[in-house]
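J.: Just need the structure, nothing else, for what follows:
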Amino acid sequence: MTLPVLLSRGLDPFLGVFTGFFAYYLHETHPRTALAPEDRLSALLQWKWTQQQENRKEHVLVNNPA
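T.: Reported below is the predicted structural model:
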């Protein structure tokens, strides 16, 4: 028994990932479901990046006090 494929075995995963990213983009930007700017994924990633950089600086200062 062969498994059903939409386009091909190689393109179906890319189609699925693209569809997921596109759906999430529409969810964040559509006026009816739009999130506040501080609740968006980009704000979360920026906060997490800043937090990681601060922790890294503290770690470097503790291990190399010179």
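J.: Assign Pro4 to helix, strand or coil.
T.: coil (DSSP: H, G, I helix; E, B strand; the rest coil).
J.: Torsion angles phi and psi at it?
T.: phi -70, psi 140 (degrees, to the nearest 10).
J.: measure it to Lys57 for me?
T.: 52 Å (CB to CB, to the nearest Å). In short, each C-beta sits where N, CA and C put it, glycine included.
J.: One more: Tyr24?
T.: From Tyr24 to Lys57 the distance is 32 Å (CB to CB).
J.: got it, and Gly10?
T.: 43 Å.
J.: just Leu7 next, same as before
T.: Relative to Lys57, and taking CB to CB, Leu7 is found at 47 Å.
J.: now swap in Leu3 and tell me
T.: Distance, Leu3 to Lys57, by CB to CB: 50 Å.
J.: So in this protein, which helix runs the longest?
T.: If each helix of the chain is counted by residues according to DSSP state H, the longest one is helix 41-63.
J.: gap between that helix and the chain center?
T.: Remark: helix 41-63 is offset 17 Å from the chain centroid, using CA atoms, centre = their mean, to the nearest Å.
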